[in-house]
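S.K.: sequence unavailable; structure follows:
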């Protein structure tokens, strides 16, 4: 089996962001703000800004539609996220037992798994501005 690489992780992040732009409602995307974005706060992270809290049912629905690979949150602390810890924590293509959005909702309440973009935005040097601009339709070019 081929080892998961950081380049693959970045591709997964891009896929999730592109899908999020497609599946999020216009009014949800308008709520995004680079000035308000705080990856460590469930109400101020990407999904939190759009839906009010990344642990709610709407966020779970978006994550189910948009995220194809999850990162286990039990293996590292959010304030110590780095390339190596993400690669060590990659879980695979779905949360175990998550076959529908309501299953993800149960996991979201504990935040034991993070989506690719949720993990990416915690990295030093993450292009937060680029993600927000892309999601809001201010640019069609997504650079990470």
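M.R.: Thanks, I have it. Please read all numbers here as calculations on a predicted model, not as lab measurements. Residues are numbered from 1 along each chain as shown.
S.K.: show me which helix runs longest in this structure.
M.R.: Counting residues, the longest helix found in the chain (DSSP state H) is helix 6-23.
S.K.: outside of that helix itself, list whatever touches it.
M.R.: Outside of helix 6-23, the residues that reach it under the criterion C-beta atoms under 8 Å, 6 or more residues apart in numbering are 29, 46, 62, 65-69, 83, 86-87, 90, 115-117, 119-120, 131, 134-135, 137, 142, 144. No exception for glycine: its C-beta is placed from N, CA and C like everyone else's.
S.K.: helix, strand or coil: sort out residue 114 for me.
M.R.: Under DSSP: H, G, I helix; E, B strand; the rest coil, residue 114 falls in the strand class.
S.K.: which parts of the chain are strands?
M.R.: Taking DSSP state E as the criterion, the chain contains strands spanning 70-72, 90-92, 113-115.
S.K.: by mean pLDDT, show me the worst of these.
M.R.: The stretch with the lowest mean pLDDT among these is strand 90-92, at a mean of 56.
S.K.: pull out the buried residues from stretch 14-22.
M.R.: Under the neighbour-count criterion of 16 or more other C-beta atoms under 10 Å, stretch 14-22 has 14, 15, 16, 17, 19, 20, 21 buried.
S.K.: now do stretch 49-69
M.R.: Across stretch 49-69, burial judged by 16+ other C-beta under 10 Å covers 49-51, 53-56, 58-64, 66-67, 69.
S.K.: so which of these sit within helices?
M.R.: Judged by DSSP H, helices contain the following of those: 49, 50, 51, 58, 59, 60, 61, 62, 63, 64, 66.
S.K.: wait, the third one sits on residue 62?
M.R.: Right, the one you point to is residue 51. Yes - the criterion here is C-beta atoms under 8 Å, and residue 51 meets it with residue 62 at 7.1 Å.
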